[in-house]
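Novice: Let me see the structure of the following:
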Amino acid sequence: MTKRKIAGLFAAIVLVFGGCGAEQELAMMQDGTYTAQMAEYSHGWREYVTITVKNGVIVTVEYDAESPSGFIKSWDNAYMNNMKAVTGTYPNEYTRFYAAQLRGQTEAPEIDALAGASSSGANFVRLSQAVVEKAQQGDSTIALVKPAEH
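Specialist: Now for the predicted structure:
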């Protein structure tokens, strides 16, 4: 190879790898309130995550699901009793468990799953990633998240 080709190849490698580092840097979340919700209802409920960011840190997290009439899943005592008997957990418990993992963060963290609420846990991961992305963009429109394909 000629020196010119080697120099060109080296320059291309520097540009490619130099750009990769810039893309991997995460944008700081902007102060505000942001929401992500599932695009569709599942079994009569649509899950959502709302966060409030202050000084680039998530200070509040609300994770729950609502019915088409606006009823909140974690308030449904009959649902709670039925679910707890079958899975060992219930919405008011697992929504707090998942939300606590996001509170205090500066980016979307790895989320530990809770036995009995793994489907909601998978949705929470997708919702938290979408809501953090909105916060990084400073975009307060609601992010609609499609369910995972099975």
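Novice: Please identify which helix or strand holds the spatially most central residue of the chain.
Specialist: Centroid-nearest residue in the chain, with Cα atoms, centre = their mean: residue 128, separated by 1.1 Å. Using DSSP states H and E, the element containing residue 128 is helix 118-137.
Novice: Quick one: end-to-end distance for stretch 35-49.
Specialist: Stretch 35-49 has an end-to-end distance of 6 Å (criterion: Cα to Cα, to the nearest Å).
Novice: next one: stretch 83-94
Specialist: Stretch 83-94 has its terminal residues 11 Å apart, counting by Cα to Cα.
Novice: Can you list the residue ranges for strands in this structure?
Specialist: 32-38, 46-54, 57-66, 143-145 (DSSP state E).
Novice: any idea how far residue 71 is from the residue nearest to the centre of the chain?
Specialist: 23 Å (Cβ to Cβ, to the nearest Å). C-beta: built from backbone N, CA, C; applies to glycine.
Novice: and what of residue 106?
Specialist: Residue 106 is 33 Å from residue 71, where distance means Cβ to Cβ.
Novice: mind listing what the closest residue to residue 135 other than its chain neighbours touches?
Specialist: Excluding the flanking residues, the one nearest residue 135 by Cβ to Cβ, 6 or more residues apart in numbering is residue 29, at 3.8 Å. If you count contacts by Cβ atoms under 8 Å, 6 or more residues apart in numbering, residue 29 has them with 53, 56, 57, 58, 106, 107, 132, 135, 136.
Novice: Just give the number of residues close to the residue nearest to residue 57 when sequence neighbours are not counted.
Specialist: Leaving aside its chain neighbours, residue 57 sits nearest to residue 106 (5.7 Å; criterion: Cβ to Cβ, 6+ apart). Using other Cβ atoms under 10 Å, residue 106 has 15 other residues around it.
Novice: quick one: contacts for residue 106?
Specialist: Neighbours of residue 106 in contact, by Cβ under 8 Å, 6+ apart: 28, 29, 56, 57, 58.
Novice: can you check residue 65 too?
Specialist: Contacts of residue 65 (Cβ under 8 Å, 6+ apart): 45, 46, 47, 48, 72, 73, 74, 91, 120.
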